[in-house]
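1. no sequence on this one, just coordinates:
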């Protein structure tokens, strides 16, 4: 098994399933408020070049419930790639800590960090991918549907880091995956080609939000302008307006479709308030499961590193 958690494609389908099974067990223990302090005397260094409520709260809460200490390092604490060389940060934190989680802009930065650290590194998000989120999403779908068989996911919006991670998952599990996005906002070409060439899943990329979404199990979206793209927000709002998730989209998707969003949501933009509050919306199950799947990832990595 891989010593880091940087990409979905680094793991086999069996390894990913084992992480989800462990998450299910840890979730039950957490909800029962069981004493499960297996990280006693362990420390987690959390590097945030990009702020995030869910990422910080879920990693910090989870690591401390497991008995360890989580240390928050914001942009003013570590100017990663600016004030100090990334390779030096990786080596330094490896002397102090047992695990690193980094939420960064540049994907090359997390790759360099991992290559120079002697302790496990978890990708908490980069501009290229978001593997913890997609593991959380897949776990939530498994919990909600009770099965991963005959799964159809329709993502509508920006072909961003979320889509790139979903595409990597289609290389591991058979999924009917649709990405509907405006022209010029398609997902990473090499990741798309790699996923198609694997031949395991059916993959459709379209510029029509109503095309190919019928009989979906999940309709998924994300913000139209991510952090670092806010100067494009006005232009993007015009381009993406036809891609809003509303009752018409959900009706077209079919009666069995759930709605998912990785949050934070800009209600009234990429999704209506009506859809967010509907019975078929599982966004807060999804948000809760960030905690449990990340706990499982951390336990897996630390068990692996101490073996």
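-> Right, received. Where do you want to start? These numbers come from a predicted model, not from an experiment.
2. Could I get the contacting residues of residue 59?
-> Under the criterion of Cβ atoms under 8 Å, 6 or more residues apart in numbering, the neighbours of residue 59 are 44, 46, 70, 101, 124, 294. All C-beta atoms are positioned from the backbone trio N, CA, C, and that covers glycine.
3. Which secondary structure state does residue 298 sit in?
-> helix (DSSP: H, G, I helix; E, B strand; the rest coil).
4. hmm, back to that, state the pair within the contacts of residue 59 that is farthest apart.
-> Farthest apart among the contacts of residue 59 by Cβ to Cβ are 70 and 124. That separation is 12.0 Å.
5. So for these two, which residues contact both of them?
-> 46, 59.
6. what about those two, which has more around it?
-> In terms of neighbours (other Cβ atoms under 10 Å), residue 124 is the more surrounded of residue 70 and residue 124; the figures are 27 against 21.
7. That one touches residue 103, doesn't it?
-> Yes: here residue 124 reaches residue 103: they are 3.7 Å apart, a contact under Cβ atoms under 8 Å.
8. Identify the contacts common to the two.
-> 46, 48, 52, 55.
9. wait, which of these is closest to residue 223?
-> residue 52 (12.4 Å).
10. what about that closest one, distance to residue 184?
-> Applying Cβ to Cβ, to the nearest Å, the value for residue 52 to residue 184 is 27 Å.
11. Phi and psi next, for residue 103.
-> Dihedral pair for residue 103: phi -120, psi 100, per degrees, to the nearest 10.
12. OK, contacts around it?
-> Contact analysis of residue 103 by Cβ under 8 Å, 6+ apart lists 46, 47, 48, 49, 50, 52, 55, 124, 125.
13. Counting neighbours, what do you get for residue 39?
-> Counted with other Cβ under 10 Å, residue 39 comes out at 23.
14. Would you enumerate the residues in contact with it?
-> Here residue 39 is in contact with 63, 66, 67, 68, 98, 298, 302 (criterion: Cβ under 8 Å, 6+ apart).
15. Mind checking which of those are buried?
-> Among those, the ones that count as buried by 16 or more other Cβ atoms under 10 Å are 63, 66, 68, 98, 298, 302.
16. Max pairwise distance over those residues: which two?
-> Spanning the widest gap among the buried ones among the contacts of residue 39 are 66 and 98, at 11.4 Å by Cβ to Cβ.
17. Common neighbours of those two, please.
-> With Cβ under 8 Å, 6+ apart as the test, residue 66 and residue 98 both reach 39, 42.
18. mind listing the strands for the stretch 201-307 of the chain?
-> Remark: strands assigned in the stretch 201-307 of the chain by DSSP state E, counting those that start in this stretch are 202-206, 218-221, 258-261.
19. Quote the end-to-end distance of stretch 69-89.
-> One end of stretch 69-89 sits 19 Å from the other (Cα to Cα, to the nearest Å).
20. before we move on, back to that, with secondary structure as extra columns, can I get the contacts of residue 103 in JSON lines?
-> Shown next, in JSON lines, are these (three-state DSSP):
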{"residue": "46", "secondary structure": "strand"}
{"residue": "47", "secondary structure": "strand"}
{"residue": "48", "secondary structure": "strand"}
{"residue": "49", "secondary structure": "coil"}
{"residue": "50", "secondary structure": "coil"}
{"residue": "52", "secondary structure": "coil"}
{"residue": "55", "secondary structure": "helix"}
{"residue": "124", "secondary structure": "strand"}
{"residue": "125", "secondary structure": "strand"}
